[in-house]
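>>> Quick one, structure for this:
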Amino acid sequence: MSIRRLTLLVAGMAVVAGSALLAQSTGPATTRPGGGNAPPASQPAASNPAAPEPQLQDKRDRLAEVVARILSNKHGWTIWRNKSALQADFAIEFPGQPAMEGTMIYDINRGRSRIDLKDGPTLVFDGQKAWVSPAGAKFAGARFNLLTWPLLLTASVRLQEPQISATDYQQKLFQGEPCDSFRIAFKKSAVAMPSEWYRVYGGQQDREIRGISFMTKEADGGPSGSQHRQRAVSFADFQKVEGVSLPTTWKFWNSDDLHGADGDQIGKATITNMKFIPATDDAFTKPADAREDESSRSAQ
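The predicted structure is shown next:
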(Lines give C-alpha, C1' and ligand atoms only; values in the text may rest on other atoms or scores of the structure.)
Protein backbone atom coordinates (compact mmCIF):
# COMPACT_ATOMS: atom_id res chain seq x y z
CA MET A 1 0.00 0.00 0.00
CA SER A 2 1.38 3.44 -0.94
CA ILE A 3 2.12 6.04 1.74
CA ARG A 4 -0.56 8.33 0.29
CA ARG A 5 -3.26 5.64 0.46
CA LEU A 6 -2.19 4.69 3.97
CA THR A 7 -2.39 8.35 5.06
CA LEU A 8 -5.91 8.72 3.65
CA LEU A 9 -6.98 5.45 5.30
CA VAL A 10 -5.70 6.57 8.70
CA ALA A 11 -7.35 9.98 8.25
CA GLY A 12 -10.63 8.30 7.34
CA MET A 13 -10.46 6.08 10.40
CA ALA A 14 -9.84 9.16 12.54
CA VAL A 15 -12.93 10.85 11.16
CA VAL A 16 -15.07 7.75 11.75
CA ALA A 17 -13.80 7.33 15.29
CA GLY A 18 -14.13 11.01 16.06
CA SER A 19 -17.61 11.13 14.58
CA ALA A 20 -18.70 8.31 16.88
CA LEU A 21 -17.25 10.11 19.89
CA LEU A 22 -18.94 13.38 18.99
CA ALA A 23 -22.22 11.61 18.33
CA GLN A 24 -22.10 10.21 21.86
CA SER A 25 -21.33 13.65 23.26
CA THR A 26 -23.71 15.78 21.26
CA GLY A 27 -26.27 13.33 19.87
CA PRO A 28 -27.07 12.73 16.20
CA ALA A 29 -28.60 15.34 13.93
CA THR A 30 -32.34 14.76 13.69
CA THR A 31 -34.34 15.20 10.54
CA ARG A 32 -37.42 17.39 10.62
CA PRO A 33 -40.44 16.95 8.36
CA GLY A 34 -39.81 18.37 4.91
CA GLY A 35 -36.01 18.27 5.25
CA GLY A 36 -33.57 20.02 7.54
CA ASN A 37 -33.02 19.14 11.16
CA ALA A 38 -34.39 19.93 14.56
CA PRO A 39 -32.85 19.82 18.04
CA PRO A 40 -33.49 16.70 20.17
CA ALA A 41 -36.81 16.81 21.99
CA SER A 42 -35.07 16.85 25.36
CA GLN A 43 -33.15 20.02 24.52
CA PRO A 44 -34.44 23.53 23.83
CA ALA A 45 -33.95 24.95 20.35
CA ALA A 46 -31.04 27.30 20.57
CA SER A 47 -29.08 29.02 17.83
CA ASN A 48 -26.13 29.61 20.18
CA PRO A 49 -25.53 26.43 22.22
CA ALA A 50 -23.17 26.46 25.17
CA ALA A 51 -19.49 26.06 24.36
CA PRO A 52 -18.24 22.45 24.62
CA GLU A 53 -15.74 21.30 27.23
CA PRO A 54 -12.10 22.13 26.33
CA GLN A 55 -11.19 18.48 25.76
CA LEU A 56 -14.10 17.94 23.39
CA GLN A 57 -13.36 21.20 21.59
CA ASP A 58 -9.75 20.13 21.06
CA LYS A 59 -10.94 16.89 19.48
CA ARG A 60 -13.33 18.81 17.26
CA ASP A 61 -10.54 21.10 16.10
CA ARG A 62 -8.22 18.21 15.27
CA LEU A 63 -10.99 16.45 13.36
CA ALA A 64 -11.70 19.67 11.45
CA GLU A 65 -8.09 19.77 10.27
CA VAL A 66 -8.28 16.13 9.10
CA VAL A 67 -11.55 16.62 7.22
CA ALA A 68 -10.29 19.86 5.64
CA ARG A 69 -7.25 18.01 4.26
CA ILE A 70 -9.42 15.20 2.89
CA LEU A 71 -11.81 17.62 1.16
CA SER A 72 -9.10 19.77 -0.40
CA ASN A 73 -7.16 16.72 -1.56
CA LYS A 74 -10.31 15.38 -3.24
CA HIS A 75 -10.71 18.66 -5.11
CA GLY A 76 -7.12 18.78 -6.34
CA TRP A 77 -4.94 20.52 -3.74
CA THR A 78 -1.65 19.06 -4.97
CA ILE A 79 -2.28 20.46 -8.45
CA TRP A 80 -3.77 23.76 -7.27
CA ARG A 81 -0.81 24.77 -5.12
CA ASN A 82 1.49 24.66 -8.16
CA LYS A 83 -0.69 26.95 -10.30
CA SER A 84 -0.32 30.72 -10.69
CA ALA A 85 -3.76 32.27 -11.26
CA LEU A 86 -7.33 31.20 -12.03
CA GLN A 87 -9.60 33.08 -14.45
CA ALA A 88 -13.36 32.53 -14.78
CA ASP A 89 -16.44 34.26 -16.17
CA PHE A 90 -19.37 34.66 -13.78
CA ALA A 91 -22.98 35.80 -13.61
CA ILE A 92 -24.46 36.49 -10.16
CA GLU A 93 -28.11 37.37 -9.54
CA PHE A 94 -29.97 38.54 -6.43
CA PRO A 95 -33.67 39.55 -6.41
CA GLY A 96 -34.27 43.23 -6.98
CA GLN A 97 -30.74 43.91 -8.18
CA PRO A 98 -29.16 44.04 -11.63
CA ALA A 99 -27.29 40.89 -12.53
CA MET A 100 -23.54 41.15 -12.04
CA GLU A 101 -21.58 39.70 -14.93
CA GLY A 102 -17.91 39.77 -15.68
CA THR A 103 -14.56 38.01 -15.45
CA MET A 104 -12.66 37.35 -12.23
CA ILE A 105 -8.96 36.54 -11.83
CA TYR A 106 -7.54 35.14 -8.60
CA ASP A 107 -3.82 35.17 -7.78
CA ILE A 108 -3.30 31.80 -6.10
CA ASN A 109 0.01 32.56 -4.41
CA ARG A 110 -0.57 36.13 -3.20
CA GLY A 111 -4.35 36.33 -2.69
CA ARG A 112 -4.82 39.23 -5.09
CA SER A 113 -7.89 39.48 -7.30
CA ARG A 114 -9.38 41.37 -10.21
CA ILE A 115 -12.91 41.69 -11.57
CA ASP A 116 -13.68 43.20 -14.96
CA LEU A 117 -17.43 43.82 -14.95
CA LYS A 118 -19.37 43.59 -18.18
CA ASP A 119 -20.45 47.12 -19.13
CA GLY A 120 -19.10 48.34 -15.80
CA PRO A 121 -16.00 49.32 -13.86
CA THR A 122 -12.87 47.31 -13.16
CA LEU A 123 -12.24 46.24 -9.55
CA VAL A 124 -8.75 45.39 -8.30
CA PHE A 125 -7.53 44.03 -4.97
CA ASP A 126 -3.75 44.50 -4.77
CA GLY A 127 -3.30 42.40 -1.64
CA GLN A 128 -4.06 45.25 0.77
CA LYS A 129 -6.47 47.73 -0.79
CA ALA A 130 -9.44 47.50 -3.14
CA TRP A 131 -9.68 49.89 -6.10
CA VAL A 132 -12.49 50.95 -8.43
CA SER A 133 -11.69 52.18 -11.94
CA PRO A 134 -12.57 54.61 -13.38
CA ALA A 135 -12.52 56.74 -10.24
CA GLY A 136 -15.90 58.29 -11.07
CA ALA A 137 -17.70 54.95 -11.33
CA LYS A 138 -20.60 54.52 -8.92
CA PHE A 139 -19.91 51.14 -7.38
CA ALA A 140 -20.14 50.20 -3.70
CA GLY A 141 -18.72 47.13 -1.99
CA ALA A 142 -15.72 46.49 -4.24
CA ARG A 143 -13.76 44.79 -1.47
CA PHE A 144 -16.64 42.44 -0.67
CA ASN A 145 -16.93 41.35 -4.30
CA LEU A 146 -13.19 41.02 -4.86
CA LEU A 147 -12.74 38.75 -1.84
CA THR A 148 -16.02 36.84 -1.62
CA TRP A 149 -16.58 35.49 -5.15
CA PRO A 150 -13.03 34.13 -5.63
CA LEU A 151 -13.22 32.55 -2.18
CA LEU A 152 -16.50 30.76 -2.87
CA LEU A 153 -15.20 29.51 -6.22
CA THR A 154 -11.93 28.15 -4.80
CA ALA A 155 -12.65 27.32 -1.13
CA SER A 156 -12.98 23.59 -1.78
CA VAL A 157 -9.35 23.31 -2.83
CA ARG A 158 -7.79 25.91 -0.50
CA LEU A 159 -8.56 24.35 2.88
CA GLN A 160 -4.91 23.40 3.50
CA GLU A 161 -3.50 26.87 2.90
CA PRO A 162 -1.28 28.04 5.81
CA GLN A 163 -3.36 31.19 6.39
CA ILE A 164 -6.59 29.21 6.84
CA SER A 165 -7.43 27.52 10.13
CA ALA A 166 -10.06 24.76 10.34
CA THR A 167 -11.80 24.28 13.70
CA ASP A 168 -14.99 23.08 15.41
CA TYR A 169 -15.82 19.86 13.55
CA GLN A 170 -19.49 18.95 13.85
CA GLN A 171 -21.88 16.61 12.08
CA LYS A 172 -24.61 18.82 10.65
CA LEU A 173 -27.33 18.60 8.06
CA PHE A 174 -27.01 20.65 4.91
CA GLN A 175 -30.19 20.68 2.83
CA GLY A 176 -31.26 17.50 4.60
CA GLU A 177 -28.00 15.61 3.99
CA PRO A 178 -25.76 14.58 6.93
CA CYS A 179 -22.43 16.31 6.41
CA ASP A 180 -19.05 16.73 8.02
CA SER A 181 -18.82 20.42 8.86
CA PHE A 182 -16.18 22.72 10.30
CA ARG A 183 -15.43 26.40 10.56
CA ILE A 184 -12.65 28.11 8.68
CA ALA A 185 -11.16 31.46 9.59
CA PHE A 186 -8.26 33.46 8.24
CA LYS A 187 -5.29 33.99 10.51
CA LYS A 188 -4.37 37.51 11.60
CA SER A 189 -1.47 37.68 9.15
CA ALA A 190 -3.81 37.01 6.24
CA VAL A 191 -6.15 39.34 4.35
CA ALA A 192 -9.14 40.51 6.43
CA MET A 193 -12.13 38.75 4.85
CA PRO A 194 -15.67 40.21 4.75
CA SER A 195 -16.93 37.54 7.16
CA GLU A 196 -15.25 36.63 10.45
CA TRP A 197 -16.02 32.96 9.89
CA TYR A 198 -17.23 30.48 7.31
CA ARG A 199 -18.63 26.98 7.95
CA VAL A 200 -17.81 24.37 5.32
CA TYR A 201 -20.05 21.33 4.71
CA GLY A 202 -18.66 18.19 3.05
CA GLY A 203 -20.29 14.97 1.91
CA GLN A 204 -19.54 12.02 4.19
CA GLN A 205 -19.37 9.51 1.34
CA ASP A 206 -17.80 11.25 -1.66
CA ARG A 207 -15.79 13.81 0.40
CA GLU A 208 -16.84 16.68 -1.87
CA ILE A 209 -17.86 20.11 -0.65
CA ARG A 210 -21.62 20.71 -0.43
CA GLY A 211 -21.71 24.36 0.60
CA ILE A 212 -20.59 27.12 2.92
CA SER A 213 -22.46 29.27 5.44
CA PHE A 214 -21.18 32.67 6.50
CA MET A 215 -22.11 36.04 7.96
CA THR A 216 -22.55 38.97 5.60
CA LYS A 217 -23.62 42.61 5.68
CA GLU A 218 -26.74 43.24 3.65
CA ALA A 219 -29.27 45.89 2.80
CA ASP A 220 -32.58 44.95 1.21
CA GLY A 221 -31.43 41.40 0.50
CA GLY A 222 -28.21 42.23 -1.36
CA PRO A 223 -24.52 41.80 -0.55
CA SER A 224 -23.90 45.31 0.79
CA GLY A 225 -25.11 47.61 3.53
CA SER A 226 -24.98 47.38 7.30
CA GLN A 227 -27.18 44.51 8.52
CA HIS A 228 -25.45 41.27 9.53
CA ARG A 229 -27.22 38.15 8.35
CA GLN A 230 -26.25 34.50 8.07
CA ARG A 231 -26.38 33.12 4.54
CA ALA A 232 -25.39 29.88 2.84
CA VAL A 233 -24.31 28.92 -0.65
CA SER A 234 -24.75 25.41 -2.07
CA PHE A 235 -22.48 24.08 -4.82
CA ALA A 236 -23.23 21.82 -7.79
CA ASP A 237 -22.07 20.96 -11.30
CA PHE A 238 -18.38 20.57 -10.53
CA GLN A 239 -16.00 20.81 -13.46
CA LYS A 240 -12.34 19.86 -13.56
CA VAL A 241 -9.78 22.38 -14.71
CA GLU A 242 -6.51 20.54 -15.29
CA GLY A 243 -7.42 18.15 -12.48
CA VAL A 244 -8.82 20.74 -10.04
CA SER A 245 -12.55 20.32 -9.30
CA LEU A 246 -14.51 23.57 -8.87
CA PRO A 247 -18.27 24.32 -8.62
CA THR A 248 -19.96 26.06 -11.56
CA THR A 249 -23.49 26.37 -10.14
CA TRP A 250 -24.08 28.21 -6.86
CA LYS A 251 -27.37 28.82 -5.08
CA PHE A 252 -27.72 31.26 -2.16
CA TRP A 253 -30.02 30.56 0.79
CA ASN A 254 -31.07 31.82 4.16
CA SER A 255 -29.08 30.03 6.84
CA ASP A 256 -28.92 29.27 10.55
CA ASP A 257 -26.77 27.11 12.82
CA LEU A 258 -29.28 24.25 12.84
CA HIS A 259 -30.23 23.89 9.20
CA GLY A 260 -27.18 25.01 7.19
CA ALA A 261 -29.24 26.14 4.20
CA ASP A 262 -32.91 26.75 4.87
CA GLY A 263 -35.94 28.46 3.39
CA ASP A 264 -36.26 30.07 0.00
CA GLN A 265 -33.46 30.46 -2.50
CA ILE A 266 -32.33 34.10 -2.52
CA GLY A 267 -29.80 34.17 -5.35
CA LYS A 268 -27.76 32.20 -7.83
CA ALA A 269 -24.47 32.26 -9.70
CA THR A 270 -23.10 30.54 -12.78
CA ILE A 271 -19.39 30.08 -13.52
CA THR A 272 -18.03 29.44 -17.02
CA ASN A 273 -14.78 29.46 -19.00
CA MET A 274 -12.49 28.55 -16.11
CA LYS A 275 -8.78 28.29 -16.88
CA PHE A 276 -5.39 28.69 -15.26
CA ILE A 277 -3.29 31.63 -16.47
CA PRO A 278 -0.02 33.31 -15.45
CA ALA A 279 -0.34 35.86 -12.63
CA THR A 280 1.03 39.19 -13.87
CA ASP A 281 1.58 42.19 -11.60
CA ASP A 282 -0.13 44.48 -14.13
CA ALA A 283 -3.44 42.68 -13.56
CA PHE A 284 -3.39 43.37 -9.81
CA THR A 285 -1.89 46.86 -9.69
CA LYS A 286 -3.93 49.99 -8.96
CA PRO A 287 -5.23 51.30 -12.32
CA ALA A 288 -4.16 54.81 -13.36
CA ASP A 289 -7.69 56.25 -13.01
CA ALA A 290 -8.93 54.67 -9.79
CA ARG A 291 -10.26 55.44 -6.33
CA GLU A 292 -9.92 53.39 -3.17
CA ASP A 293 -13.05 51.53 -2.13
CA GLU A 294 -14.49 52.97 1.10
CA SER A 295 -14.95 49.53 2.66
CA SER A 296 -11.29 48.83 1.89
CA ARG A 297 -10.21 51.72 4.10
CA SER A 298 -12.38 50.57 7.01
CA ALA A 299 -10.97 47.02 6.80
CA GLN A 300 -7.37 48.08 7.35
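>>> what helix or strand is the nearest residue to residue 206 once chain neighbours are set aside on?
Of all residues beyond its chain neighbours, the one nearest residue 206 is residue 74 (7.7 Å), with distances taken as C-beta to C-beta, 6 or more residues apart in numbering. C-beta: built from backbone N, CA, C; applies to glycine. Following DSSP states H and E, one finds residue 74 within helix 54-75.
>>> That helix: which residues count as buried?
59-61, 63-75 (16 or more other C-beta atoms under 10 Å).
>>> for these, which one is nearest residue 110?
Using C-beta to C-beta, the shortest approach to residue 110 within these belongs to residue 72, at 18.9 Å.
>>> Run through the neighbouring helices and strands of the longest strand anywhere in the chain.
Taking DSSP state E as the assignment, the strand of the chain that covers the most residues is strand 222-241. Applying 3 or more C-beta pairs under 8 Å, 6 or more residues apart in numbering; DSSP states H and E, one finds that strand 222-241 contacts helix 142-154, strand 209-219, strand 244-254, strand 262-277.
>>> now residue 128: how far from residue 110?
11 Å (C-beta to C-beta, to the nearest Å).
>>> how many neighbours does residue 138 have?
7 (other C-beta atoms under 10 Å).
>>> In three-state terms, label it for me.
Three-state assignment for residue 138 (DSSP: H, G, I helix; E, B strand; the rest coil): coil.
>>> hang on, residue 89 in a helix?
No. The assignment for residue 89, made by three-state DSSP, is strand rather than a helix.
>>> Test of understanding: give the bridge partners of it.
residue 103, residue 272 (DSSP bridges).
>>> what about it, how many residues close to it?
Count around residue 89 with other C-beta under 10 Å applied: 15.
>>> In contact with it, which residues?
101, 102, 103, 271, 272, 273 (C-beta atoms under 8 Å, 6 or more residues apart in numbering).
>>> between those, which is nearest residue 232?
Here the nearest of these to residue 232, counting by C-beta to C-beta, is residue 271; it sits at 17.6 Å.
>>> Please name the nearest non-neighbouring residue to that closest one.
Here the nearest residue to residue 271 in space, its sequence neighbours aside, is residue 248; by C-beta to C-beta, 6+ apart that works out to 4.3 Å.
>>> contacting residues around the one you found?
By C-beta under 8 Å, 6+ apart, the residues touching residue 248 are 236, 237, 238, 239, 270, 271, 272, 274.
>>> now do 10 Å
88, 90, 153, 235-239, 269-274 (C-beta atoms under 10 Å, 6 or more residues apart in numbering).
>>> Poorly predicted segments of the stretch 201-300 of the chain, please.
217-227, 258-259, 295-300 (pLDDT under 70).
>>> Now with 80, please.
Across the stretch 201-300 of the chain, residues meeting the criterion (pLDDT under 80) sit at 216-229, 256-263, 295-300.
>>> Pull the contacting residues for the closest residue to residue 270 other than its chain neighbours.
Nearest-residue entry for residue 270: residue 91, 4.9 Å, with adjacent residues in sequence omitted and distances by C-beta to C-beta, 6+ apart. For residue 91, the contact set (C-beta under 10 Å, 6+ apart) comprises 99, 100, 101, 102, 118, 268, 269, 270, 271, 272.
>>> Check what pLDDT the closest residue to the first one other than its chain neighbours gets.
Taking C-beta to C-beta, 6+ apart, and ignoring the residues beside it in sequence, residue 99 has residue 93 as its nearest neighbour in space, at 4.7 Å. Taken from the predicted model, the pLDDT recorded for residue 93 is 96.
>>> what are the phi and psi angles of residue 93?
phi -130, psi 130 (degrees, to the nearest 10).
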